[in-house]
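Show me how the following folds:
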Amino acid sequence: MTISKAVEQAMTGASWIRKMFTQGLRLKQEFGAENVADLSLGNPVMEPPTQVAARMHELAEAEPQGWHRYMPNAGYPSTRAAIAAHLAARTDIPYVGDNVVMTVGAGGALNVVFKGLLDHDDEVICLTPYFVEYRFYITNHGGKIVLVPTDERFRPDAAAIEAAITPRTRAVVVNSPNNPSGVVYSAEDYDALAAVLTRASEAQGRPIYLITDEPYRAISYDGVDVPWVQKHYRDTLHITSFSKDLAMPGERIGYVAVNPASEGADELVGAFTFANRVLGFVNAPALQQRLIEPLLDVTVDMAGYTDKRARLMAALEGAGYEMVRPEGAFYMFPKVPGGMDDVEFVGLCLKERLLVVPGSGFGTPGHFRLSYAVTDRDVELAVDALKRVAERVAAAG
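Prediction:
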């Protein structure tokens, strides 16, 4: 064997999202990309806002001195200060630049945080349905993932979380707006969770951190409020990226912000900064830090997402699919009709040249995820394909 057993095992059970990506390549080669509805990936097809291009031109035309050199591992002080001011204005929490560590996307931030927090066999609670890469990020650093189901509306079940806490519990991860369900957790959800974590932290004599993974924060619908978790729980580590709100996932720029009121806040920032270096990230991309610094209030045009969401919801409801109404992000997570196995259902979708992801890939069998960060043509094809698949399921039943 030429590779590690751990990596071989992880690759064998690798993400369904990537499996569907491979299936999609095959279908597109066979039938032509214009004849395949690929709703499998959360990879925005829209271009970034015009302010991004304008800022890029501004940076390209400048005559920088030292812009391409190393900077402090936590990032440029000016970028960190801008983000801190942005957070302070929205949360009324006195963030300063020293509370922020710039990272290589939200994925880099999660790895930095787990490296800084976890000892061997420490546990991290994640709520299902969940973004499957969490498992790998946690085990990268010797931790163990503990999966706790959400309720029937895909909201946190505080009692179930409390029952899952052990003396090894180090953190709980929440992702809202959620991938894959599109659900937005409420202030009441966070109040209930905060009460649980406060009791458990006091019993353990050390904080259980609430890690918020929020790359979809700016993408919500129908006036739904996306609460700031740190206003509800002191020991919150806020993680986000600019992949979705600025539609630039390939640029890999994000950050982690430590609530200044959190126990050991300075120590945490120091640990995450050290982890940034020793994990080989060294620092977040220099030009991307300068790019986003004046763009913290800029977001993508929501009109395209709003329209595609409405068209797909109408198609799903018209064909008899059941689902929890998505309030944010750009995903839907309907039930598989007829009680069919979700992997078998995805196979039927492939026969109709429709690419979706089984709920099993997110720890929640019996559902499937579709993304509407896609073209209008993808949505048009999917509307028809979803109806045909529902008819296939009915005929098979």
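
Would you tell me what helix or strand the closest residue to Asn111 other than its chain neighbours is located in?
Leaving aside its sequence neighbours, Asn111 sits nearest to Tyr137 (Cβ to Cβ, 6 or more residues apart in numbering; 5.4 Å). No exception for glycine: its C-beta is placed from N, CA and C like everyone else's. For Tyr137, the host element (DSSP states H and E) is helix 133-139.

tell me which residues in that helix are buried?
Of the residues in helix 133-139, 134-139 count as buried by neighbour count, 16 or more other Cβ atoms under 10 Å.

likewise stretch 321-332?
321, 323-324, 326-332.

now the end-to-end length of it.
Its start and end residues considered, stretch 321-332 measures 11 Å (Cα to Cα, to the nearest Å).

Show me how far it is from its chain's centre.
Put simply, stretch 321-332 sits 15 Å off its chain's centre (Cα atoms, centre = their mean, to the nearest Å).

how about the buried residues of helix 133-139 in CSV, adding distance to Asp92 and pLDDT?
CSV is the format used below for the buried residues of helix 133-139 (distance: Cβ to Cβ, whole Å; pLDDT from 0 to 100):
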residue, distance to Asp92, pLDDT
Tyr134, 30, 97
Arg135, 35, 95
Phe136, 36, 95
Tyr137, 30, 98
Ile138, 32, 98
Thr139, 37, 96
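
What is the nearest of the residues you listed to Ala33?
Closest approach between the buried residues of helix 133-139 and Ala33, by Cβ to Cβ: Phe136, at 29.5 Å.

Domain boundaries for the protein, per the record?
Annotated domains of the chain cover 5-49+302-396, 67-292 [automatic domain parsing].

Listing partners with orientation, what would you give for the next helix or strand after the helix holding Tyr137?
Later in the chain than helix 133-139, the nearest helix or strand by DSSP H and E is strand 144-149. Paired neighbours of strand 144-149 in the sheet (DSSP bridges): strand 123-128 (parallel).

Leu237 and Tyr209 touch, don't they?
Yes - between Leu237 and Tyr209 there is a contact under Cβ atoms under 8 Å: 5.5 Å.

what do those two both touch?
171, 262 (Cβ atoms under 8 Å, 6 or more residues apart in numbering).

Quick check: phi and psi on Thr169?
For Thr169, the backbone dihedrals (degrees, to the nearest 10) come out as phi -70, psi 120.

Number the chain from 33, please
Yep, numbering from 33; the last one is Thr201 now.

Give the residue spans of the stretch 33-182 of the chain that score low on pLDDT.
Filtered on pLDDT under 70, the stretch 33-182 of the chain yields the residue ranges 33, 44-50.

again, only this time at 50
Within the stretch 33-182 of the chain, the set of residues satisfying pLDDT under 50 is empty.

What are the boundaries of the strands in it?
69-70, 132-135, 155-160, 176-181 (DSSP state E, counting those that start in this stretch).

List the buried residues for the last one?
So that's strand 176-181. Judged by neighbour count (16+ other Cβ under 10 Å), strand 176-181 contains these buried residues: 176-178, 180-181.

what would these look like in a markdown table with distance to Tyr162?
Formatted as a markdown table, the buried residues of strand 176-181 follow (distance: Cβ to Cβ, whole Å):
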| residue | distance to Tyr162 |
| --- | --- |
| Lys176 | 14 |
| Ile177 | 9 |
| Val178 | 11 |
| Val180 | 9 |
| Pro181 | 10 |
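
Out of those residues, flag the one nearest to Gln262.
For the buried residues of strand 176-181, the nearest to Gln262 is Val180 (21.4 Å; Cβ to Cβ).

who are the neighbours in contact with that closest one?
By Cβ under 8 Å, 6+ apart, the residues touching Val180 are 157-160, 189, 192-193, 196.

Scan those residues and report the most crowded one.
Most neighbours among these, by other Cβ atoms under 10 Å: Leu159, with 26 neighbours.

How about that residue, nearest residue that isn't a chain neighbour?
Thr182 (5.2 Å).

Pull the number of nearby residues for that neighbour.
Here the number of neighbours of Thr182 (other Cβ under 10 Å) works out to 22.

any idea how far Ser218 is from it?
13 Å (Cβ to Cβ, to the nearest Å).

next one: Glu93
Counting by Cβ to Cβ - Glu93 and Ser218 are separated by 46 Å.

What of Ala65?
Counting by Cβ to Cβ, the gap from Ala65 to Ser218 is 40 Å.

who has more neighbours, the two?
Neighbour count, other Cβ under 10 Å: between Ala65 and Ser218, Ser218 has more, with 17 against 13.

quick one, what contacts the more buried one?
Here Ser218 is in contact with 187, 257, 259 (criterion: Cβ under 8 Å, 6+ apart).

Of the residues you listed, grab the buried ones for PyMOL.
Selecting the buried subset of these in PyMOL, with 16+ other Cβ under 10 Å as the burial test, is done by:
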select buried, resi 187+259
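
ok, of the contacts of Ser218, which one's closest to Ala86?
Nearest to Ala86 among the contacts of Ser218, with distances taken as Cβ to Cβ, is Asp257, at 30.4 Å.

Give me the pLDDT for the closest one.
The score at Asp257 is 95. That number is its pLDDT.

and it, what element?
Applying DSSP H and E, one finds Asp257 in no helix or strand.

quick one: terminal-to-terminal distance for stretch 385-398?
End-to-end distance for stretch 385-398, by Cα to Cα: 20 Å.

That one: which residues count as buried?
Judged by neighbour count using 16+ other Cβ under 10 Å, the buried positions of stretch 385-398 are 385-396.

Adding pLDDT, distance to Ala232 and secondary structure, write those out as TSV.
Shown next, in TSV, are these (pLDDT from 0 to 100; distance: Cβ to Cβ, whole Å; DSSP: H, G, I helix; E, B strand; the rest coil):
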residue	pLDDT	distance to Ala232	secondary structure
Arg385	94	48	coil
Leu386	96	44	strand
Leu387	94	41	strand
Val388	96	37	coil
Val389	94	33	strand
Pro390	94	33	strand
Gly391	96	29	helix
Ser392	93	30	helix
Gly393	91	30	helix
Phe394	95	26	helix
Gly395	95	22	coil
Thr396	97	25	coil
